[in-house]
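Novice: got a predicted structure plus its sequence, pasted below:
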Amino acid sequence: MLLLALAILGGPTGRRVVRALAAAVAVGLVMYGVLSTGELPAGDSARAGRPAPAGAAPGSRRPAAKTPVARTPAKAAAGTPAAVAAQWYAQRKGLPASRVRPLQVDRADPDTLRVLLLVTKRGGGLDSAVVTVRRAGSGWVVRNP
């Protein structure tokens with residue numbers, strides 16, 4: 001049986017089969033490499049390698065108490081890029097901040113990020129928006145018109 005398999009692989013049909021299998025393995029490895037090096041979601045990238053917020057309890061990832069939402073751009077610019085974009089969009093559309101959630105952050109250049117937001121509309125429907133934020137000093141400023 002092994003001799004029969006070796007005889008088939010030695011012929012032209014066998015060489016085609018081996019090439020097709022090698023190509024399939026190569027495509028699979030390339031796809032694995034591409035898909036495994038993607039960016040982290042906005043929530044995970046904000047947590048990775050950063051200290052806990054000032055009001056957070058030890059071992060906790062969330063502040064101990066809710067802080068009031070800042071209404072001035074200077075105070076809003078001090079948060080994370082995703083939080084600044086979500087707050088700006090909620091204020092612009094007249095929505096509560098709880099209805100706007102950042103999903104993903106994409107780096108356009110070293111000082112500019114695009115934030116993908118998931119918005120729950122008043123009727124319960126879902127919408128999405130992309131907000132561009134730019135680093136300004138120690139905070140972030142929205143660049144959308």
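Specialist: Okay, I see it. Numbering: from 1, shown residues only.

Novice: ranges for the strands of the protein?
Specialist: For the chain, the strands defined by DSSP state E cover 100-109, 112-120, 126-136, 139-142.

Novice: just the buried residues of the second one, please?
Specialist: For strand 112-120, burial by neighbour count (16 or more other CB atoms under 10 Å) applies to 113, 114, 115, 116, 117, 119. Quick note: C-beta positions are derived from backbone N, CA and C, even for glycine.

Novice: what about the closest residue to the second one other than its chain neighbours, how many residues nearby?
Specialist: Residue nearest to residue 114 in three dimensions, not counting chain neighbours: residue 106, with 4.5 Å by CB to CB, 6 or more residues apart in numbering. Counted by other CB atoms under 10 Å, the residues lying close to residue 106 total 13.

Novice: returning to what we had before: let me have the strands of the chain in TSV, extended by distance to residue 94 and mean pLDDT.
Specialist: As requested, the strands of the chain are exported to TSV (distance: least, CB to CB, whole Å; pLDDT from 0 to 100):
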stretch	distance to residue 94	mean pLDDT
strand 100-109	11	92
strand 112-120	12	93
strand 126-136	14	92
strand 139-142	16	89
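
Novice: now the helix ranked longest in the chain: buried residues?
Specialist: If you go by DSSP state H, the chain has its longest helix at helix 12-36. By 16+ other CB under 10 Å, helix 12-36 has no buried positions at all.

Novice: for it, give the mean pLDDT please.
Specialist: Per-region confidence: helix 12-36 scores 86 on mean pLDDT.

Novice: hmm, who's touching it?
Specialist: 8, 9 (CB atoms under 8 Å, 6 or more residues apart in numbering).

Novice: related to what we said a few turns ago, my guess is the residue nearest to residue 114 contacts residue 113. True?
Specialist: Yes: using CB atoms under 8 Å, residue 106 is in contact with residue 113, at 6.7 Å.

Novice: in contact with residue 117, which residues?
Specialist: 85, 86, 89, 100, 101, 102, 103, 128, 129, 130, 131.

Novice: which two from the residues you listed end up farthest apart in space?
Specialist: Spatial extent of those (CB to CB) is set by the pair 101 and 130 at 13.7 Å.

Novice: quick check: residue 132 touching residue 109?
Specialist: No: if you go by CB under 8 Å, residue 132 and residue 109 don't touch, sitting 10.7 Å apart.
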